[in-house]
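# fold the following, please.
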Amino acid sequence: MDPYISYLPDKLPSTTNCVINDGYIMQRNVQSRNPACTIHIVQEHAEKIYHDTFGCHNYSVAYFKNMALAPKFYGQLFSSLSHAPKVHTLEVYLDYVCPFSKKQFETIYEKVFPLIKTKYTGRVNVIFRQQVQPWHPSSTLVHEAGVAALRLDPAAFWAYSAVLFKHQTEFFDVNVVNETRNQTYRRLAKLYGALGASGPGTHQADEEKLYELLAVGDKAGEGGALNIGNKVTDDLKLLIKLGRQTGIHVSPTVLWDGLVENSISSSWTLEQWDKFLEEKLHK
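Numbers count the residues shown, from 1 in each chain. Got it, this is the predicted structure:
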């Protein structure tokens, strides 16, 4: 989104488990696969991080920004880096099958992102927080697909999310009620596969790999377990836990530097977003 430095190579060798995404080094297989856990790089540590990334280590030593903290409170932060980046954080809790979430996502993705890149570069991070709404039964399945995409290619997450919102109505109640769970997963996987080589990721989107992460088998698991889930169940639990402990109920819900911002509406225009950011960033 908005890199802190530009001293990064265009791509990383296949021997590392990291990828370059808009100026960030991102790990492919981080043990905690939280989409907020992006490795942020600061200039004076670029040489060391570059060495650790290409040297004998599996991953770079860097600052993980996985929570929001207003820059004016950065004195509360202990960091192993001498100059941790001071940026504001906009967290957006969205549900893939919520019409209001779709409206807000499209405005942010198509209009606010370009604004941030040109006018507020390096000053604002935006985090997509996945908010499962259980009264939409298919919500869990669609969010699992988003989590699976994070597993396969973090750089493609926002683009795949845009596709999921575009095809949102295909996963409304009346369009899933007569198909099995795995049939719904198959349709979600096809949408991922359609990203193809033209997508933003570092490799061609793979329909089968995504489906393998989602599909639920029909055989009992270890110890005779019948609620076996799929390969992204544990990841989804973490995302749901985050929303619950934050007290999120309505979708969409927006947080600014960790605090709920009730003034923001899903119907906001680009001009309203610009005014909001202008006011917040000049306080």
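# mind checking the SS state of Leu238?
helix (DSSP: H, G, I helix; E, B strand; the rest coil).
# any idea how far Glu212 is from it?
21 Å (CB to CB, to the nearest Å). C-beta coordinates here come from the backbone N, C-alpha and C atoms, glycine included.
# ok, the two, which is more surrounded?
Just comparing Leu238 and Glu212: by other CB atoms under 10 Å the higher neighbour count belongs to Glu212, 15 against 12.
# would you map the helices across the protein?
46-54, 99-107, 113-119, 139-152, 157-166, 173-176, 181-193, 207-214, 233-246, 270-281 (DSSP state H).
# quickly compare those and say which is most buried.
Comparing the helices of the chain by mean neighbour count (mean count of other CB atoms under 10 Å), helix 139-152 ranks first with a mean of 23.
# give me the pLDDT value at Lys283.
Per-residue pLDDT puts Lys283 at 74.
# domain ranges for the chain, per the record?
Annotated domains of the chain cover 1-86, 89-281 [automatic domain parsing].
# lowest-confidence stretch among those?
Of all the domains of the chain, domain 1-86 carries the lowest average pLDDT, namely a mean of 42.
# measure the residue lying closest to Val87 once chain neighbours are set aside to Ala149 for me?
If the residues on either side of it in the chain are set aside, Val87 comes closest to Asn125, at 5.4 Å by CB to CB, 6 or more residues apart in numbering. From Asn125 over to Ala149 the distance is 20 Å, taken as CB to CB.
# cool, and Ser251?
Ser251 is 19 Å from Ala149, by CB to CB.
# closest one to Ala220 among the helices of the chain?
Closest to Ala220 of the helices of the chain, according to CB to CB: helix 233-246, at 15.8 Å.
# how much does the closest one deviate in direction from helix 207-214?
Interaxial angle of helix 233-246 relative to helix 207-214 (axes from the mean of the first three to the mean of the last three CA atoms, to 10 degrees): 60 degrees.
# ok, residues contacting helix 233-246?
Here helix 233-246 makes contact (CB atoms under 8 Å, 6 or more residues apart in numbering) with 32-34, 93, 129-132, 140, 143-144, 147, 150-151, 255.
# how does it look with 6 Å?
If you take CB atoms under 6 Å, 6 or more residues apart in numbering as the criterion, helix 233-246 is touched by Arg33, Gln130, Gln131, Val132, Glu144, Val147.
# may I have the distance across stretch 254-267, first residue to last?
End-to-end distance of stretch 254-267 (CA to CA, to the nearest Å): 13 Å.
# again, but for stretch 106-119
With CA to CA, one end of stretch 106-119 sits 19 Å from the other.
# residues in contact with it?
Stretch 106-119 is contacted from outside by Val124, Ala162, Leu270, Trp273, using CB under 6 Å, 6+ apart.
# show me the two of these that sit farthest apart.
Val124 and Ala162 (19.5 Å).
# verify the contact between Gln133 and Ser139 for me.
Yes. Using CB atoms under 6 Å, Gln133 is in contact with Ser139, at 4.9 Å.
# against Thr89, how distant is the spatially closest residue to Lys102 that is not a sequence neighbour?
Of all residues not flanking Lys102 in the chain, Phe165 sits nearest, at 4.6 Å (CB to CB, 6+ apart). Here the criterion is CB to CB. By it, Phe165 lies 22 Å from Thr89.
# one more: Val124?
Counting by CB to CB, the gap from Val124 to Thr89 is 8 Å.
# same check on Thr118?
Distance from Thr118 to Thr89, by CB to CB: 19 Å.
# try Tyr192
28 Å.
# and Leu236, by the same measure?
When Leu236 is compared with Thr89 (using CB to CB), they lie 22 Å apart.
# likewise Thr269?
According to CB to CB, Thr269 and Thr89 sit 22 Å apart.
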